[in-house]
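S.K.: okay, here's the prediction I keep looking at, along with the sequence it came from:
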Amino acid sequence: MFGIQPIHIVIIILVAFLIFGASRLPEIGRALGKSISEFRKGTKEAAEGFKQEMGQTDKTPASTAQPYAPPPAQPIPPASAQPARPTGNFCIHCGAPNLPEAQYCANCGMKMPDKVA
């Protein structure tokens, strides 16, 4: 379990016997046993409470549950009503539109190509 062998348990018992004496060892054993049993009991109750809470959240009453209603559909405008692509001076580095007279890109700062007439 924890890598404790029987010889280790014997040594622990002998050291406890020397420290506490023969009269107090039964009391310490009982207290240790009660502590372990209370710990197990508390752990079991906590696990059961957790399971109950998880079970209650999965089972919502039908009166409080609201059915899913999709959002209303938005009409798609016809292709002719879509905005036209901007025309002008596009940067060859980042593709950002710029003013026709721009010499440098407003987005990346790179020099715009010279216009060929």
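M.R.: Noted; the coordinates are in hand.
S.K.: quickly run through the sheet partners of the worst-scoring helix or strand of the chain on mean pLDDT, with directions.
M.R.: One helix or strand of the chain scores below all others by mean pLDDT, DSSP states H and E: strand 89-90, with a mean of 80. In its sheet, strand 89-90 lies beside strand 97-98 (antiparallel), with partners assigned from DSSP bridges.
S.K.: and the least confident helix or strand of the chain, how far out from the chain middle?
M.R.: Once both centres are worked out by Cα atoms, centre = their mean, to the nearest Å, strand 89-90 turns out to sit 45 Å from its chain's centre.
S.K.: for Arg40, give me phi and psi.
M.R.: Here is the backbone geometry of Arg40 (degrees, to the nearest 10): phi -60, psi -40.
S.K.: how near is it to Pro26?
M.R.: Spatial separation of Arg40 from Pro26 under the definition Cβ to Cβ, to the nearest Å is 21 Å. (C-beta placed from N, C-alpha, C; glycine too.)
S.K.: returning to that earlier point: which other residues reach the least confident helix or strand of the chain?
M.R.: By Cβ atoms under 8 Å, 6 or more residues apart in numbering, the list of residues contacting strand 89-90 from outside reads 96-102, 112, 115.
S.K.: scan these and report the most crowded one.
M.R.: For the contacts of strand 89-90, the largest number of neighbours (other Cβ atoms under 10 Å) sits with Met112, at 19 neighbours.
S.K.: what helices and strands are in contact with the helix or strand containing Thr43?
M.R.: Assigned by DSSP states H and E, Thr43 belongs to helix 25-58. Packed against helix 25-58 by the contact rule (3 or more Cβ pairs under 8 Å, 6 or more residues apart in numbering; DSSP states H and E) you find helix 6-20.
S.K.: centre of the chain to the helix it packs on, how far?
M.R.: Relative to its parent chain, helix 6-20 has a centroid offset of 46 Å by Cα atoms, centre = their mean.
S.K.: can you check stretch 20-36 too?
M.R.: Between the mean C-alpha point of stretch 20-36 and the mean C-alpha point of its chain there is a distance of 44 Å (Cα atoms, centre = their mean).
S.K.: now it - C-alpha only, PDB.
M.R.: Taking Å, rounded to 0.1, in the frame of the first residue of the first chain, the C-alpha atoms of stretch 20-36 are listed here in PDB:
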ATOM      1  CA  PHE A  20       3.500   6.200  25.500                       C
ATOM      2  CA  GLY A  21       3.800   3.200  27.700                       C
ATOM      3  CA  ALA A  22       1.600   0.100  27.900                       C
ATOM      4  CA  SER A  23      -1.300   1.800  29.700                       C
ATOM      5  CA  ARG A  24      -1.900   4.500  27.000                       C
ATOM      6  CA  LEU A  25      -1.500   2.400  23.900                       C
ATOM      7  CA  PRO A  26      -5.100   1.000  23.900                       C
ATOM      8  CA  GLU A  27      -6.500   4.500  24.300                       C
ATOM      9  CA  ILE A  28      -4.500   5.800  21.400                       C
ATOM     10  CA  GLY A  29      -5.500   2.800  19.300                       C
ATOM     11  CA  ARG A  30      -9.200   3.400  20.000                       C
ATOM     12  CA  ALA A  31      -8.900   7.100  19.300                       C
ATOM     13  CA  LEU A  32      -7.100   6.400  16.000                       C
ATOM     14  CA  GLY A  33      -9.700   3.800  15.000                       C
ATOM     15  CA  LYS A  34     -12.600   6.200  15.800                       C
ATOM     16  CA  SER A  35     -10.800   9.000  13.800                       C
ATOM     17  CA  ILE A  36     -10.400   6.700  10.800                       C
END
